[in-house]
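Engineer: kindly generate the corresponding structure for this input.
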Amino acid sequence: MATEKTRKRKPAARSTGGPSVKKAKITAKKRTKVRRDSAEKDNGYAGVERRIEQRLERLEKRPEKKAKRTPSIEPQPMESETGSFDVPVKKLRPSPAKSRDGSLKSGLKRILSLLPGSRPHDYDKLIETLEHMDEFGKVPDIETKFESLMMFLYEKYWRVNTSGIEKVPSKGRTLIVANHSGVIPFDGAMIATAIYKFHPARRHARFLIEDWFGQLPFATQFMNAVGQVRACQENAERLLRHDQLVGVFPEGIKGMAKGFKNRYNLARFGRGGVIRLAIKTGTPVVPCAVVGAEEIYIVLGYANWLGKMFGMPLFPITATFPWLGLLGFLPLPTKWYIQFGDVISYDEYGEEALSDNVIVNRLNRQLRSTIQDMVDSALKKRRSLFFG
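Structural biologist: The predicted model follows:
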């Protein structure tokens, strides 16, 4: 029985064929499929050609449409030197900005009306402010809006005692160089208030502020509106070319990072940028000493790693901040002294001195020592931190 089963299985295996037979069958199937695909493609191409021919026949049988008539433009006679000739003139629509009253104000009013929460009665006032704003963004007569607040801080809160203000020139380009103090630039605000309120010419002082101060919310817009300008050589030269009164703090960030222990010890005045600016523009320098401002915040240390998160070069830790929250920003009511020194002129130095580092560094050290002597003399006269 076993032999009969094996004999029956062998013919069945042979009937299926070997590998060569299987390959032949697969090849035959592929050829049949290729022929079928090619036939379908031919039929498809023929169908496309047939549809195109039918479309062309319908287009030929379609009647032609009459061309639209264009409106004729009547020529208007114009005269020239040789005679008269006709030129077609087409009337143009008025521009949207001038469709109502033909002025720029109407266009600005329509733009402002699209803003959310806009009030039409304030448009004229806003447009007038923008028209009179200078190239640095200073709002005209901004001092009068903050006069009451500045005078409260000047006369009541810090009780500022100012001397030598008559030494500030009444006109022309002038540089006020002062020692820097405090975390918030209250010293520049009090110097500007003293000159505006008590100087015979009531001049407006434009102080140069550091770039990092613009990282605070709305700080840049506010400082520009009140007349302060970003600190750089180009902005200082432009202000002085227009005979402005410019205030600078050569200590920069180093003056703010001295700490409470090293207060009133002036830091290095940079690389002589103030001296080069005065020589290049022919500007006289008025040294200024401020005493009392470096004690409005008792700085214990700095968390610079935290300041980098807010885009600030330093983050002061004071005796009240951040322990008291926002109340920690409230400055102490110390007694202030502001003293203006004699005018320093650098007219004897020409442009060749700008490239001479020896001369620039020497003049820079002399200016720093002059202001340091003024600060030391004011400290000797002071008897109390809060009562003077």
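Engineer: check which helices and strands the longest strand anywhere in the chain sits against.
Structural biologist: Secondary structure assigned by DSSP state E gives strand 285-291 as the longest strand of the chain. Where contact means 3 or more Cβ pairs under 8 Å, 6 or more residues apart in numbering; DSSP states H and E, strand 285-291 is packed against strand 174-178, helix 186-198, strand 337-340, helix 357-381. Where C-beta positions appear, they are placed from N, C-alpha and C, glycine not excepted.
Engineer: may I see the buried residues of the longest one?
Structural biologist: Buried residues in helix 357-381, counted by 16 or more other Cβ atoms under 10 Å: Ile359, Val360, Leu363, Asn364, Leu367, Arg368, Thr370, Ile371, Gln372, Met374, Val375, Ala378.
Engineer: coming back round to it: reformat the helices and strands packed on strand 285-291 into CSV and put distance to Asp134 next to each item.
Structural biologist: Listed next are those as CSV, based on distance: least, Cβ to Cβ, whole Å:
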stretch, distance to Asp134
strand 174-178, 18
helix 186-198, 16
strand 337-340, 26
helix 357-381, 29
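Engineer: list of residues touching the host helix or strand of Asn235?
Structural biologist: Per DSSP states H and E: Asn235 is located in helix 233-241. Under the contact criterion Cβ atoms under 8 Å, 6 or more residues apart in numbering, helix 233-241 has outside partners 135-136, 173, 175, 206, 208, 229, 246, 248, 273, 277, 280-281, 283.
Engineer: tell me who's in contact with Ala231.
Structural biologist: Neighbouring residues of Ala231 by Cβ under 8 Å, 6+ apart: Leu208, Ile209, Glu210, Asp211, Val248.
Engineer: check what pLDDT the nearest residue to it once chain neighbours are set aside gets.
Structural biologist: Excluding the flanking residues, the one nearest Ala231 by Cβ to Cβ, 6 or more residues apart in numbering is Leu208, at 3.8 Å. Looking at Leu208, its pLDDT stands at 91.
Engineer: can you check Arg93 too?
Structural biologist: pLDDT, read off for Arg93, is 46.
Engineer: Tyr196 versus the nearest residue to Val226 once chain neighbours are set aside, what's the distance?
Structural biologist: Excluding the flanking residues, the one nearest Val226 by Cβ to Cβ, 6+ apart is Ile142, at 5.3 Å. Ile142 is 11 Å from Tyr196, where distance means Cβ to Cβ, to the nearest Å.
Engineer: just Asn361 next, same as before
Structural biologist: Distance of Asn361 to Tyr196, computed by Cβ to Cβ: 34 Å.
Engineer: cool, and Ser148?
Structural biologist: In terms of Cβ to Cβ, Ser148 sits 13 Å off from Tyr196.
Engineer: phi, psi of the residue lying closest to Leu300 once chain neighbours are set aside?
Structural biologist: Take Leu300 and drop its neighbours on the chain: the residue closest to it by Cβ to Cβ, 6+ apart is Ile317, 5.1 Å away. The phi/psi pair for Ile317 (degrees, to the nearest 10) reads phi -110, psi 110.
Engineer: got the buried residues for the helix holding Asn235?
Structural biologist: Buried-residue list, helix 233-241, by 16+ other Cβ under 10 Å: Asn235, Ala236, Leu239, Leu240.
Engineer: which residues sit against the next helix or strand after it?
Structural biologist: For helix 233-241, the following helix or strand on the C-terminal side (DSSP H and E) is strand 245-248. Strand 245-248 is touched from outside by 168, 173-178, 188, 191-192, 195, 203-208, 231, 236, 239-240, 274, 288, with contacts defined as Cβ under 8 Å, 6+ apart.
Engineer: go with 7 Å
Structural biologist: Contact with strand 245-248 is made by 174-178, 188, 191, 203-208, 236, 239-240, 274, as judged by Cβ atoms under 7 Å, 6 or more residues apart in numbering.
Engineer: from those, which would you call buried?
Structural biologist: 174-178, 188, 191, 203, 205-208, 236, 239-240, 274.
Engineer: which pair of these spans the longest distance?
Structural biologist: Greatest spacing in the buried ones among the contacts of strand 245-248, by Cβ to Cβ: Arg203 and Val274 (19.3 Å).
Engineer: domains in the protein, by residue range?
Structural biologist: The record's domain parsing of the chain by the TED database lists 129-296+333-381, 298-330.
Engineer: of the ones you listed, flag the one that's most buried.
Structural biologist: Comparing the domains of the chain by mean neighbour count (mean count of other Cβ atoms under 10 Å), domain 129-296+333-381 ranks first with a mean of 17.
Engineer: what bits of this protein have low per-residue confidence?
Structural biologist: For the chain, the stretches with pLDDT under 70 are 1-50, 55, 60-132, 182-183, 212-220, 307, 310-311.
Engineer: what segments of it are strands?
Structural biologist: 75-79, 84-88, 161-163, 174-178, 205-209, 229-230, 245-248, 285-291, 299-302, 316-318, 337-340.
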